[in-house]
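> Just the structure for this:
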Amino acid sequence: MKKIFCLTAATMLFAAPAHAAFVTSLVGGTAITMPADNLQTGAPQSFGPITFTSDNDDSVFGWTQGYGFGSNGAWFNEAPMAGLNEGSRGGAYSVMTFTFDTPTAGVLAQLNWALGTSANNSILMRIFDENGAELEPYVNLANNGNTNNFAPNAYYGFQRATADIKSFTLSNGYIGARNFSYIAAANGVPEPASWALMLAGFGLAGTALRRRPSRLAQTA
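Okay, the predicted model is just below:
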């Protein structure tokens with residue numbers, strides 16, 4: 001019994017996820033409504049708990065008038081979207097940023113992008129904490145802007161064990177994002193301290209099971 005318990009505990013310890021990372025769904029997420037403002041701007045625009053900004057003034061916010069993604073299709077007269085219109089300016093690639101009022105545990109959006117012609121403009125998505133540190137490895141949606149690494153016009157995002165996502169960025173090409181959702185507080189992924197308590201509980205249960213046969217034998 002002792003060996004079985006130790007093996008089980010060790011297996012759970014190594015299987016315990018410290019963080020969830022790249023996701024294609026957000027269970028329990030709250031939808032965020034983007035207004036249909038139809039603006040062409042990079043200036044700050046708020047929707048729900050998020051503020052949109054872009055370093056390219058040709059970007060769009062709350063856009064519903066149609067947006068094409070080349071061979072990856074188009075969005076026409078549908079849900080309002082934010083779009084990064086230009087891939088680069090003088091060799092510097094553009095970025096649109098979605099900043100949360102308060103750090104969150106997860107973010108998800110429907111994304112689409114246009115494949116490029118440059119060997120350098122991979123379509124990237126990233127998350128950062130409130131100090132500007134990158135929290136997870138970036139996700140390359142389209143390799144060098146020429147080949148889809150993930151299916152276009154689908155849902156992608158990040159989810160973590162702690163509510164520490166302050167901003168979410170999309171960069172390097174023509175990218176559209178709409179139908180956002182988020183998780184305000186962490187749930188569903190135990191913290192290391194929680195795993196320690198769980199393992200301690202299993203340890204007590206294992207000890208009780210080991211002692212029980214001896215007590216029964218004494219009674220008999």
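
> for residue 175, what are its contacts?
By CB atoms under 8 Å, 6 or more residues apart in numbering, the contact list for residue 175 reads 83-84, 96, 111-114, 123. For the C-beta atoms, the positions are set from N, CA and C on the backbone; glycine is no exception.

> Residue 162 versus that one, what's the distance?
Noted for residue 175: a distance of 27 Å to residue 162, by CB to CB, to the nearest Å.

> Could you do residue 67 as well?
Residue 67 is 34 Å from residue 162, by CB to CB.

> Just want to know which of the two has more residues nearby.
The neighbour comparison of residue 67 against residue 162 (other CB atoms under 10 Å) goes to residue 67, with 20 against 15.

> isn't the more buried one right up against residue 81?
Yes. Counting by CB atoms under 8 Å, residue 67 touches residue 81, with 6.4 Å between them.

> okay, and the common contacts of these two?
Shared contacts of residue 67 and residue 81, counting by CB under 8 Å, 6+ apart, come down to 60, 75, 176.

> Strands - which of those land there?
Under the assignment DSSP state E, the shared contacts of residue 67 and residue 81 contribute 60, 75, 176 to strands.

> Kindly write the ChimeraX command that selects the buried subset of these.
Per 16 or more other CB atoms under 10 Å, the buried members of those correspond to this ChimeraX selection:
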select :60,75,176
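
> closest to residue 21 among the ones in strands among the shared contacts of residue 67 and residue 81?
Nearest to residue 21 out of those is residue 176 (CB to CB; 22.8 Å).

> Low-confidence bits of this protein, can you list those?
Along the chain, the model assigns pLDDT under 70 to residues 1-20, 86-92, 117-121, 144-145, 186-220.

> Would you map out the domains in it?
19-183, 192-219 (automatic domain parsing).

> any idea which of those is most buried?
domain 19-183 (a mean of 18; mean count of other CB atoms under 10 Å).

> In a markdown table: the ones in strands among the shared contacts of residue 67 and residue 81, plus distance to residue 140.
Below are these laid out as a markdown table (distance: CB to CB, whole Å):
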| residue | distance to residue 140 |
| --- | --- |
| 60 | 23 |
| 75 | 22 |
| 176 | 17 |
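
> Among the ones in strands among the shared contacts of residue 67 and residue 81, which one sits closest to residue 27?
residue 176 (24.1 Å).

> Let me see the contact set for the closest one.
Neighbours of residue 176 in contact, by CB under 8 Å, 6+ apart: 67, 69, 75, 81-84, 111-113.

> what's the answer for residue 108, then?
For residue 108, counting by CB under 8 Å, 6+ apart, the contacting residues are 23, 25-26, 29, 155-157, 159, 180-182.

> try it again with 10 Å
Contact partners of residue 108, counting by CB atoms under 10 Å, 6 or more residues apart in numbering, are 23-26, 29, 31-32, 155-159, 168, 179-183.

> What separation is there between residue 59 and residue 36?
16 Å.

> what's the answer for residue 95, then?
24 Å.

> Kindly report the same for residue 49.
Distance from residue 49 to residue 36, by CB to CB: 19 Å.

> cool, residue 84 as well?
From residue 84 to residue 36 the distance is 19 Å (CB to CB).
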